[in-house]
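Colleague: Pasting a predicted model and its sequence here:
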Amino acid sequence: MAYDFLGLVNDVNKRLNEVELTSSNFAAAAGFYGHAKDAVNAALQDIDQQQFEWPFNFTSQNETLVAGTTRYALPSNCKSPDMESFRIQFNSTLNVATTKLQKITYDDYLKRFVDQEYNTSTGIRTVPLYVFRAPNLYFGVTPLPDQAYTLTYEYYKANTDLSLYSDVPVVPEAYRHVIIDGAMYYAYMFRGNTQDAVVMKEKFKEGVKSMRTILINQYDYITSTMIETAPRVSYVYRIA
């Protein structure tokens, strides 16, 4: 069975001994079949909401900065931007090297740099060095850019519902069974089979827990930034 929206819905249908849908009647599916489609999407949304930073939701974005402009909108599907990933791209025409921006808090920006949003002098504009996250879905850079630099950053995107029968979920196929367990919970609830629904919900939760263990848990090395000095020598003085 293909790993797409149609295949996932038919996995639910097969478990409940229902007739499988085809690519030709999928769009017009109604009643229980329409609910099976909703159940698959609900399961995918549940998986997405269990973790902010699923690796399969990781993506990148390029933003062309505008001279004299501080704030820029994050993508509409952005769930969690990686504020440590912002950097200016190398550009020989603009005479700029690749520059990683240092993250600062919004409060720090307001205390130290916010005047740039009201200062019209072009003399304060240069290559940005800092980036901050605004309280809304915006980020900002400082100092003000003086040219159209290309800014690159990564973020974790939110899940988008499947629609066409051929749509493929971003969740890897290895976790197809987790999606189906979640969808079966909603299918059983639709049929009023509360007992089986509770069983499937627990199974789904365990599946998501395993996904988190495999995909999220990392054991990175910690690099010490301590400056080593010459070893201290202890002296013992004998008093005559």
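Modeller: Everything's here; your move. Numbering: from 1, shown residues only.

Colleague: okay, CA-based contacts and neighbour counts for the rest of this
Modeller: OK.

Colleague: Helices of this structure, start to end?
Modeller: 5-15, 32-49, 106-112, 176-190, 194-215 (DSSP state H).

Colleague: just the ones you listed: most buried one?
Modeller: helix 176-190 (a mean of 22; mean count of other C-alpha atoms under 10 Å).

Colleague: Other residues contacting that one?
Modeller: Outside helix 176-190, the residues within contact range by C-alpha atoms under 8 Å, 6 or more residues apart in numbering are 8, 11-12, 35-36, 39-44, 47, 194, 196-198, 200-201, 203-204, 207-208.

Colleague: Can you say which of the helices of the chain is nearest to residue 157?
Modeller: Ranking the helices of the chain by proximity to residue 157 (C-alpha to C-alpha) places helix 32-49 first, at 9.5 Å.

Colleague: With just CA atoms, put that closest one into PDB.
Modeller: Output in PDB follows, covering the C-alpha atoms of helix 32-49 (Å, rounded to 0.1, in the frame of the first residue of the first chain):
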ATOM      1  CA  PHE A  32     -17.600   7.300   7.800                       C
ATOM      2  CA  TYR A  33     -15.100   7.600   4.900                       C
ATOM      3  CA  GLY A  34     -15.000  11.300   5.200                       C
ATOM      4  CA  HIS A  35     -14.400  10.900   8.900                       C
ATOM      5  CA  ALA A  36     -11.600   8.400   8.200                       C
ATOM      6  CA  LYS A  37      -9.800  11.200   6.300                       C
ATOM      7  CA  ASP A  38     -10.300  13.600   9.200                       C
ATOM      8  CA  ALA A  39      -9.100  10.900  11.600                       C
ATOM      9  CA  VAL A  40      -5.800  10.600   9.700                       C
ATOM     10  CA  ASN A  41      -5.200  14.300   9.700                       C
ATOM     11  CA  ALA A  42      -6.200  14.500  13.400                       C
ATOM     12  CA  ALA A  43      -3.600  11.900  14.200                       C
ATOM     13  CA  LEU A  44      -0.900  13.800  12.300                       C
ATOM     14  CA  GLN A  45      -1.800  17.000  14.100                       C
ATOM     15  CA  ASP A  46      -1.600  15.200  17.400                       C
ATOM     16  CA  ILE A  47       1.900  13.900  16.600                       C
ATOM     17  CA  ASP A  48       3.000  17.400  15.500                       C
ATOM     18  CA  GLN A  49       1.700  19.000  18.700                       C
END
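
Colleague: Does anything pack onto that helix? Which helices or strands?
Modeller: helix 5-15, helix 176-190 (3 or more C-alpha pairs under 8 Å, 6 or more residues apart in numbering; DSSP states H and E).

Colleague: Could you rerun that using 10 Å?
Modeller: Packing partners of helix 32-49 (3 or more C-alpha pairs under 10 Å, 6 or more residues apart in numbering; DSSP states H and E): helix 5-15, helix 176-190, helix 194-215.

Colleague: CA atoms only for the second one, dumped as CSV, please.
Modeller: Taking Å, rounded to 0.1, in the frame of the first residue of the first chain, the C-alpha atoms of helix 176-190 are listed here in CSV:
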residue,chain,number,x,y,z
ARG,A,176,3.0,4.7,9.7
HIS,A,177,1.7,2.4,12.4
VAL,A,178,1.7,5.3,14.9
ILE,A,179,-0.4,7.5,12.6
ILE,A,180,-2.9,4.6,12.1
ASP,A,181,-3.1,4.0,15.9
GLY,A,182,-4.0,7.6,16.4
ALA,A,183,-6.5,7.6,13.5
MET,A,184,-8.1,4.4,14.9
TYR,A,185,-8.8,6.2,18.2
TYR,A,186,-10.9,8.8,16.3
ALA,A,187,-12.6,6.2,14.2
TYR,A,188,-13.6,4.2,17.2
MET,A,189,-14.9,7.3,18.9
PHE,A,190,-17.0,8.1,15.8
